[in-house]
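**Student:** mind folding the following:
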Amino acid sequence: MGRGRKVYAVMNNIKNIVEGKDVPLQFFQNHVYDALKAKWSVDDTNLEGYGRVYKNANDKGYVPEMFVSSAAVNNTVYKPVAFDKTILKAMFFLTVGDRADIKLGNETITVSLICICNLALIKPGLQHRGDEEVMKDMLKILTVNVPGNFKVLNSETGFRNVFREFTGLVNKDGEVFEDRHPLFCFRYNMTLIYNTRNCQTLSIN
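**Tutor:** The predicted structure is shown next:
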């Protein structure tokens, strides 16, 4: 999916310098990544985590991609968000709405966490499709001891619902994430309220 077929290491993909809304979003990303490692017995070799991705166009429509930091002149390298079912047990990424409501120095934005996982590998002891089990696990992660002012609004399942803004994935010619056992995709939609004056530049060493 996306441009090219370069192979990247599996990991939690974070920015080394963040500011604005990316400050609370990266704290949130790290919270989810660490919590999933503990809850689902996954690790850096089979769990891929992303923060805020971009909705980029290709010849099939819009697809989720992460900008790759580089010192190169006119750097335009993007990493496609892809689920490799031969390696990964789970993968998640964040999308942010195009609108921000601003009031008294606070901004309110819509954030969605999109996850695809291999149910058979995450819940190997179940003899049924453990979709409700993994969604319950994720909801607890999103509502207990979460850094930042996030509020869960609703959840969505079904491939076309989960990836609706990424038309390059849901049209008949686009590449798709599978959504049949053992694979499962789902989405939690949230609001984030953050103070623009407090979200100062943060350097990650």
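
**Student:** hang on, residue 35 in a helix?
**Tutor:** Yes - inclusion of residue 35 in a helix is indicated when DSSP: H, G, I helix; E, B strand; the rest coil is applied.

**Student:** what sits against it?
**Tutor:** Contact analysis of residue 35 by C-beta atoms under 8 Å, 6 or more residues apart in numbering lists residue 141. No exception for glycine: its C-beta is placed from N, CA and C like everyone else's.

**Student:** so how far is residue 90 from it?
**Tutor:** 12 Å (C-beta to C-beta, to the nearest Å).

**Student:** so where's the protein uncertain?
**Tutor:** 1-10, 172-176, 198-205 (pLDDT under 70).

**Student:** setting the sequence-adjacent residues aside, check what's closest to the residue nearest in space to the middle of the chain.
**Tutor:** The residue lying closest to the centre of the chain (C-alpha atoms, centre = their mean) is residue 93, at 0.9 Å. Residue nearest to residue 93 in three dimensions, not counting chain neighbours: residue 50, with 3.6 Å by C-beta to C-beta, 6 or more residues apart in numbering.

**Student:** contact partners of the host helix or strand of the one you found?
**Tutor:** For residue 50, the enclosing helix or strand under DSSP states H and E is strand 47-52. Strand 47-52 is contacted by residues 10-15, 21-22, 25-26, 29, 32-33, 36-37, 40, 66, 81, 83, 88-96 when judged by C-beta under 8 Å, 6+ apart.

**Student:** now the buried members of those.
**Tutor:** Neighbour-count burial (16 or more other C-beta atoms under 10 Å) applied to the contacts of strand 47-52 gives 10, 12-13, 15, 21-22, 25-26, 29, 32-33, 36-37, 40, 66, 81, 83, 88-96.
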